[in-house]
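Student: fold the following, please.
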Amino acid sequence: MRLFIAACITPCLLLSGQSAAQRGALTVFEHVSVIPMDSERVMPDSQVWVSSGIGIVTIGSGTGRDAVLNPPTTTVRIDGRGKFLMPMLAEMHAHIPNDAVEAERVLFMYVANGIGTIRSMLGDPSHFRLRERVRRGEIVGPEMILSGPSFSGTTARTPAEATARVAAEKKAGYDFLKIHPGVPLSRDIARHRANGSRSRFAGERSSPWSSPPAPPRHAPDR
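Tutor: This next block holds a predicted model:
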């Protein structure tokens, strides 16, 4: 789990953009108010230990018996007085620019605003390199769940084209399929093809597949 501390960008950068040499380092947030998201509560004056590459090690009171009074000298210590610490959020309908420079700026802004995971809804092969650079700590960015280039009535005009595209995107390594309206394949067949390749898919609007309208339902006799 990644963390976001309100009103302070620096901890996000510490946890999201480290080099390989920095991974394994300890960071402690001291005297911070924690919003754990397991219920509607706030844990005041807490101490949160985070190990890079592992995640949260422990959460405890900043002043009680479970507080660590003498952390290792190499520990990054962040004073959280007057601030709140919470899990980072997820953006489930994200768009990543294909231009590398602009993409790096957008990925940084996601993290700076508390977004730790994004689901990209319009994929491009260039996004694989961006994801690897984030994971290696070369640039700051969120965890990226990547769709392939979208299916539509233009890119998948026949059932055969749609089937081939499912296989190609699965082989390329995309995490799920992006479906726009107009693909000439029934919803049931589409699910079967996606499930057969173990591919997840998401779509725009309520009816992404072109199929005949369902017959009207008759109200029961009263």
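Student: helices of the chain, start to end?
Tutor: Taking DSSP state H as the test, the helices found in the chain are 10-16, 100-112, 126-135, 159-172, 187-196.
Student: is Thr117 bridged to anything, and to what?
Tutor: Note on Thr117: beta-bridge partners Ala90, Glu143, judged by DSSP bridges.
Student: wait, it sits on Glu143?
Tutor: Yes. The criterion here is CB atoms under 8 Å, and Thr117 meets it with Glu143 at 4.6 Å. All C-beta atoms are positioned from the backbone trio N, CA, C, and that covers glycine.
Student: and the closest residue to Leu107 other than its chain neighbours, how far from Ala94?
Tutor: Distances taken as CB to CB, 6 or more residues apart in numbering place Gly141 nearest to Leu107, at 3.3 Å, with adjacent residues excluded. When distance is defined by CB to CB, to the nearest Å, Gly141 is 11 Å away from Ala94.
Student: which one's more surrounded, these two?
Tutor: When Gly141 is set against Ala94 and neighbours are counted by other CB atoms under 10 Å, the residue ahead is Gly141, at 25 against 21.
Student: which residues does the more buried one contact?
Tutor: For Gly141, the residues meeting the contact criterion (CB atoms under 8 Å, 6 or more residues apart in numbering) are 16-17, 104, 107-108, 110-111, 130, 133-134.
Student: switch the residues you listed over to JSON lines; also include distance to Pro159.
Tutor: As requested, these are arranged in JSON lines below (distance: CB to CB, whole Å):
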{"residue": "Ser16", "distance to Pro159": "42"}
{"residue": "Gly17", "distance to Pro159": "44"}
{"residue": "Glu104", "distance to Pro159": "39"}
{"residue": "Leu107", "distance to Pro159": "36"}
{"residue": "Phe108", "distance to Pro159": "41"}
{"residue": "Tyr110", "distance to Pro159": "37"}
{"residue": "Val111", "distance to Pro159": "41"}
{"residue": "Leu130", "distance to Pro159": "33"}
{"residue": "Arg133", "distance to Pro159": "37"}
{"residue": "Val134", "distance to Pro159": "36"}
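Student: closest to Ser51 among the residues you listed?
Tutor: If you rank these by distance to Ser51 using CB to CB, Ser16 comes first, at 14.3 Å.
Student: report pLDDT for the closest one.
Tutor: Reported pLDDT at Ser16 in the predicted model: 45.
Student: okay, the contacts of Gly141 in a markdown table with distance to Asp45 and neighbour count next?
Tutor: Rendered in a markdown table, the data for these read as follows (distance: CB to CB, whole Å; neighbours: other CB atoms under 10 Å):
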| residue | distance to Asp45 | neighbour count |
| --- | --- | --- |
| Ser16 | 26 | 25 |
| Gly17 | 28 | 17 |
| Glu104 | 37 | 18 |
| Leu107 | 33 | 26 |
| Phe108 | 31 | 19 |
| Tyr110 | 30 | 23 |
| Val111 | 26 | 24 |
| Leu130 | 39 | 24 |
| Arg133 | 38 | 17 |
| Val134 | 33 | 20 |
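Student: doesn't Gly116 make contact with Pro87?
Tutor: Yes. Counting by CB under 8 Å, Pro87 touches Gly116, with 7.5 Å between them.
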